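Participant: just to be clear, the model below is a prediction. Sequence and coordinates:
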There are 2 protein chains.
Amino acid sequence: MKVGIVGLGLIGASIALSLKDKVDLVVGLDNDLEVLRIAKERKIIAYGGTDCQSVLSDVDIVILALYPKAIIKFIQDNKKCWNKNQLIIDVAGLKNEIVTTIQMELPGVEFLGTHPMAGREVSGIKGAREELFLGSNFIITPTEKNTQESIAKVKELALLLGVKNIYEMTPVQHDQLIAYTSHLPHLMALALVSAYEEGSEQIVGRSFLDAVRVADINENLWTELFLANKKSVVTELDKLIAELVDFKKLIAEDNVLELTEKIKGIKIIKERIKQ
Amino acid sequence: MKVGIVGLGLIGASIALSLKDKVDLVVGLDNDLEVLRIAKERKIIAYGGTDCQSVLSDVDIVILALYPKAIIKFIQDNKKCWNKNQLIIDVAGLKNEIVTTIQMELPGVEFLGTHPMAGREVSGIKGAREELFLGSNFIITPTEKNTQESIAKVKELALLLGVKNIYEMTPVQHDQLIAYTSHLPHLMALALVSAYEEGSEQIVGRSFLDAVRVADINENLWTELFLANKKSVVTELDKLIAELVDFKKLIAEDNVLELTEKIKGIKIIKERIKQ
């Protein structure tokens, strides 16, 4: 298996590090020469460059590890780069727009959307870690345009990364669920930090530190993710706000019975979510 | 130093485990005979019982490790248990009502409020861990009724538990800040689980798991904590809801510029909170 990675940021370079000793070849494309220099110096890739055709013409699988909008633009700008024997996948945190657009723009080349559920609070090649995907969840969003062979090949790739679970769902399902499981926790962390109380750093425990951990996000990437998934994100925010308003009401009216019952019910739901 | 612990639940028994090889004596009071049996069997305490005077008459420091309301009731029910050479402290997560009430009810005995910022998602003696307080924050809330000697003695005790930082503040300050740093993250975790989306357990990453971790709380204790700190909790909930509404507005109107700037500003605040 020969793998070409487009975009050697945190995710792309971590994939390269994780795969390089397990597949025949890992090459990288990036438009930042300094990033390419680091990638070659740290032996993250066998070779790399800025020209799509010269770097990627020989690989079996191309992994697009760019921001969502940049993925679509890259495909549109490089339509002649691909051949029919290649499988193209992406690893962006949103799937519907990307999968729909690329499968339409590239009718002769197979494209499959994936989302490795891993990340760090740092971005860029310097944050890359070989073990980033160990034990994580890996989502694939095949459509009727994907072959069983390609789906099997991508699952094999995910296992090489060390993921724990591989789940299949439609691109639309993915984006709805991700608004709840990822966009909402990130917005909660941001909102909590934004509500900062002077002096409170003296009195934080683990609950607070865990709750604000993911507030250290890349503002450009996440603004793009929130806006590209606007409808689902707004729906989930509305649900969360309604829950907080309900808690506020129960607390304000000293409703011991309903508050206790609500917390008990939530603990039962949480049991189901546990991994 | 001889220490008597009232209430051998998660916190009380963890304190006993942590102190037993570092002080002269650790004894325990509990009204549950099965808990006392476990405490003696696991050598968590040297001896224990259900009668205040017979268990505690010989100790220098009494640590009240009960729920907030139970602490006040215990003091009111056992006014003859104490002598003037003893220092009584509590470890509850709320301070103002407890400190004010007990310092008034027990004019001849010194009482000092403390709050060790540690816990687990399990309750009771079976969850007790010697290392529970290692590296944590420890708050003390002295008033003009406390002596420097007692404050020094409690700081020494906290260091024996292995805490990282010891902070002093007034009981009122403590309760205001704790609404933000503890009650709010717990309510956020509860609200997020309560907004559960079917199927979402397939697509959770670390951000979600961290955000819901503390939803496994003891419903009786936390209902009591939220209600006893109602005014501050409602104020903090209002601030958090306003932040979420603001995010919703910026996302709904595709406001890339303000959203990006807001996230950037939040990351600067977060740097200050980091420990």
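Facilitator: All right, it came through fine.
Participant: what ranges do the helices span in the stretch 151-275 of chain A?
Facilitator: Residue ranges of the helices in the stretch 151-275 of chain A, as given by DSSP state H, counting those that start in this stretch, are A:171-178, A:184-194, A:206-212, A:219-228, A:230-252, A:256-273.
Participant: the longest one: which residues count as buried?
Facilitator: If I follow you right, that is helix A:230-252. Judged by neighbour count using 16 or more other Cβ atoms under 10 Å in any protein chain shown, the buried positions of helix A:230-252 are A:232-234, A:236-237, A:239-241, A:243-244, A:247-248, A:250-251. From N, CA and C alone the C-beta is placed, and that goes for glycine too.
Participant: quick check: mean pLDDT of that helix?
Facilitator: Computed over helix A:230-252, the mean pLDDT rounds to 97.
Participant: which strands and helices sit next to it?
Facilitator: For helix A:230-252, the elements it packs on are helix A:171-178, helix A:184-194, helix A:256-273, helix B:184-194, helix B:219-228, helix B:230-252, judged by 3 or more Cβ pairs under 8 Å, 6 or more residues apart in numbering or on different chains; DSSP states H and E.
Participant: ditto for the second one
Facilitator: Packing partners of helix A:184-194 (3+ Cβ pairs under 8 Å, 6+ apart): helix A:206-212, helix A:230-252, helix B:184-194, helix B:206-212, helix B:230-252, helix B:256-273.
Participant: got those as JSON lines, with distance to residue B:56 columns?
Facilitator: Written out in JSON lines, the entries for these read as follows (distance: least, Cβ to Cβ, whole Å):
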{"stretch": "helix A:206-212", "distance to residue B:56": "31"}
{"stretch": "helix A:230-252", "distance to residue B:56": "35"}
{"stretch": "helix B:184-194", "distance to residue B:56": "32"}
{"stretch": "helix B:206-212", "distance to residue B:56": "40"}
{"stretch": "helix B:230-252", "distance to residue B:56": "33"}
{"stretch": "helix B:256-273", "distance to residue B:56": "40"}
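Participant: hang on, residue A:118 packs against residue A:182?
Facilitator: No. Between residue A:118 and residue A:182 there is no contact under Cβ atoms under 8 Å: 11.3 Å.
Participant: correct me, but residue A:92 touches residue A:70?
Facilitator: No. Because the distance of 9.1 Å does not satisfy Cβ under 8 Å, residue A:92 is recorded as not touching residue A:70.
Participant: so these two - more neighbours on which side?
Facilitator: Neighbours were tallied for residue A:92 and for residue A:70 using other Cβ atoms under 10 Å in any protein chain shown; the higher tally belongs to residue A:92 (25 against 18).
Participant: for the stretch 101-250 of chain A, give me the ranges with low pLDDT.
Facilitator: Within the stretch 101-250 of chain A, not a single segment meets pLDDT under 70.
Participant: in terms of secondary structure, what does the longest strand along chain A contact?
Facilitator: Using DSSP state E to define each element, chain A has its longest strand at strand A:110-116. Taking 3+ Cβ pairs under 8 Å, 6+ apart as contact, the helices and strands that strand A:110-116 lies on are strand A:87-90, helix A:96-105, strand A:137-141, helix A:148-161, helix A:171-178.
Participant: partner strands of that strand, parallel or antiparallel?
Facilitator: Taking DSSP bridges as the criterion, strand A:110-116 sits next to strand A:87-90 (parallel), strand A:137-141 (antiparallel) in its sheet.
Participant: list the buried ones in the shortest one?
Facilitator: In other words, strand A:87-90. Along strand A:87-90, the positions that meet the burial threshold by neighbour count (16+ other Cβ under 10 Å) are A:87-90.
Participant: do the same with stretch A:142-155
Facilitator: With burial defined by 16+ other Cβ under 10 Å, the residues of stretch A:142-155 counted as buried are A:142, A:146, A:150-151, A:153-155.
Participant: let me have these in TSV, extended by distance to residue B:51.
Facilitator: As requested, the buried residues of stretch A:142-155 are exported to TSV (distance: Cβ to Cβ, whole Å):
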residue	distance to residue B:51
A:142	69
A:146	73
A:150	74
A:151	70
A:153	72
A:154	68
A:155	65
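Participant: which of the residues you listed sits closest to residue A:7?
Facilitator: residue A:154 (17.7 Å; Cβ to Cβ).
Participant: up against chain B, what does the stretch 51-200 of chain A have?
Facilitator: Residues of the stretch 51-200 of chain A found near chain B, taking Cβ under 8 Å from any Cβ of the partner chain as the criterion, are A:117-119, A:136-137, A:139, A:165, A:167, A:169, A:173-174, A:176-178, A:180-182, A:184-197, A:199-200.
Participant: so which residue is smack in the middle of chain A?
Facilitator: residue A:93 (3.5 Å; Cα atoms, centre = their mean).
Participant: for residue A:264, which non-adjacent residue is spatially closest?
Facilitator: Distances taken as Cβ to Cβ, 6 or more residues apart in numbering or on different chains put residue B:219 closest to residue A:264, at 5.1 Å, once the chain neighbours are dropped.
Participant: could you double-check that that neighbour sits in contact with residue A:263?
Facilitator: Yes. Taking Cβ under 8 Å as the definition, residue B:219 is a contact partner of residue A:263 at 3.8 Å.
Participant: between these two, which is the more surrounded one?
Facilitator: For residue B:219 versus residue A:263, neighbours defined as other Cβ under 10 Å are more numerous around residue A:263 (26 against 17).
Participant: ok, now which ones touch the more buried one?
Facilitator: Residues near residue A:263 by Cβ atoms under 8 Å, 6 or more residues apart in numbering or on different chains: B:190, B:217, B:219, B:222-223.
Participant: same thing with residue A:274?
Facilitator: residue B:201.
Participant: which element, helix or strand, includes residue A:48?
Facilitator: When secondary structure is defined by DSSP states H and E, residue A:48 falls within strand A:47-49.
Participant: show me what that strand is packed against.
Facilitator: For strand A:47-49, the packing partners by 3+ Cβ pairs under 8 Å, 6+ apart come out as strand A:25-29, helix A:33-41, helix A:52-56.
Participant: could you rerun that using 7 Å?
Facilitator: Other elements packing on strand A:47-49 under the criterion 3 or more Cβ pairs under 7 Å, 6 or more residues apart in numbering or on different chains; DSSP states H and E are strand A:25-29, helix A:33-41.
Participant: of the ones you listed, which stretch is the most buried?
Facilitator: Using mean count of other Cβ atoms under 10 Å in any protein chain shown, the stretch among the helices and strands packed on strand A:47-49 with the greatest mean number of neighbours is strand A:25-29 (a mean of 24).
Participant: what is the burial count for residue A:20?
Facilitator: 16.
Participant: tell me the phi and psi of residue A:64?
Facilitator: Residue A:64 adopts backbone torsions of phi -90, psi 110, taken as degrees, to the nearest 10.
Participant: list the residues that contact it.
Facilitator: Residue A:64 makes contact with A:6-7, A:71, A:74, A:88, A:90 under the criterion Cβ atoms under 7 Å, 6 or more residues apart in numbering or on different chains.
Participant: redo these as JSON lines? Include pLDDT.
Facilitator: Formatted as JSON lines, the entries for the contacts of residue A:64 read as follows, by pLDDT from 0 to 100:
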{"residue": "A:6", "pLDDT": "98"}
{"residue": "A:7", "pLDDT": "98"}
{"residue": "A:71", "pLDDT": "96"}
{"residue": "A:74", "pLDDT": "97"}
{"residue": "A:88", "pLDDT": "98"}
{"residue": "A:90", "pLDDT": "98"}
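Participant: roughly how far does the closest residue to residue A:238 other than its chain neighbours sit from residue B:90?
Facilitator: Counting by Cβ to Cβ, 6+ apart, residue B:248 is the residue found nearest to residue A:238 once chain neighbours are left out, at 7.3 Å. From residue B:248 over to residue B:90 the distance is 41 Å, taken as Cβ to Cβ, to the nearest Å.
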